[in-house]
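Colleague: Next input, structure requested:
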Amino acid sequence: MSDTSDIRTPAQIEADIKRRRETLAETLDEIGVRVHPKTIVGDAKAKVVAKVDNSLGRAYVGANRVVSDVRAQLVSEDGAPRLERIVPVALVAVGLVGLLALGSRRRKD
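Modeller: Below is the predicted model of the structure:
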């Protein structure tokens with residue numbers, strides 16, 4: 001004796017084939033989009049932009065931290081300049097600029 005629940009009609013088989021063809025077509029369309037050169041280039045650009053943004057963000061945070069540390073050394077908590085620290089830094093800066101000017105002047109002569 002055979003089980004009649006396993007027997008499919010031709011219409012059921014055709015509907016199953018149609019459904020599988022549609023699923024296969026969707027899968028092939030998705031693969032086509034994924035391997036299209038514009039998609040690959042767009043994905044690569046997005047990855048580069050994300051890495052650059054991440055690097056720039058880290059650089060900004062690092063620079064901001066350095067500026068904050070320097071500011072904390074040169075300005076008191078109430079916002080007043082700390083002259084006992086600013087004057088020596090300014091003198092060193094002026095000295096370096098003077099040395100650079102002398103060095104470039106000697107090279108021109």
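
Colleague: Which residues in the lowest-mean-pLDDT helix or strand in the chain does the neighbour count mark as buried?
Modeller: Of all helical and strand segments in the chain, the minimum by mean pLDDT, DSSP states H and E falls on helix 83-108, at a mean of 89. Within helix 83-108, not a single residue qualifies as buried, counting by 16 or more other Cβ atoms under 10 Å. To be clear about C-beta, it is placed using only N, CA and C from the backbone, and glycine gets the same treatment.

Colleague: Which neighbouring elements make contact with it?
Modeller: Secondary structure elements in contact with helix 83-108, counted by 3 or more Cβ pairs under 8 Å, 6 or more residues apart in numbering; DSSP states H and E, are helix 37-74.

Colleague: measure the one residue sitting closest to the centre of the chain to residue 67 for me?
Modeller: Closest to where the C-alpha atoms of the chain average out (Cα atoms, centre = their mean) is residue 50, at 2.3 Å. Distance of residue 50 to residue 67, computed by Cβ to Cβ, to the nearest Å: 26 Å.

Colleague: Check residue 89 too.
Modeller: For residue 89, the distance to residue 67 (Cβ to Cβ) stands at 14 Å.

Colleague: Could you do residue 81 as well?
Modeller: Noted for residue 81: a distance of 16 Å to residue 67, by Cβ to Cβ.

Colleague: Could you do residue 37 as well?
Modeller: Distance of residue 37 to residue 67, computed by Cβ to Cβ: 44 Å.

Colleague: Please identify which of the two sits among more neighbours.
Modeller: Just comparing residue 37 and residue 67: by other Cβ atoms under 10 Å the higher neighbour count belongs to residue 67, 10 against 7.

Colleague: what's near enough to touch the more buried one?
Modeller: By Cβ atoms under 8 Å, 6 or more residues apart in numbering, the contact set of residue 67 is empty.

Colleague: Could you list the low-pLDDT ranges of the chain?
Modeller: By pLDDT under 70, the weakly predicted segments of the chain are 1-5, 108-109.
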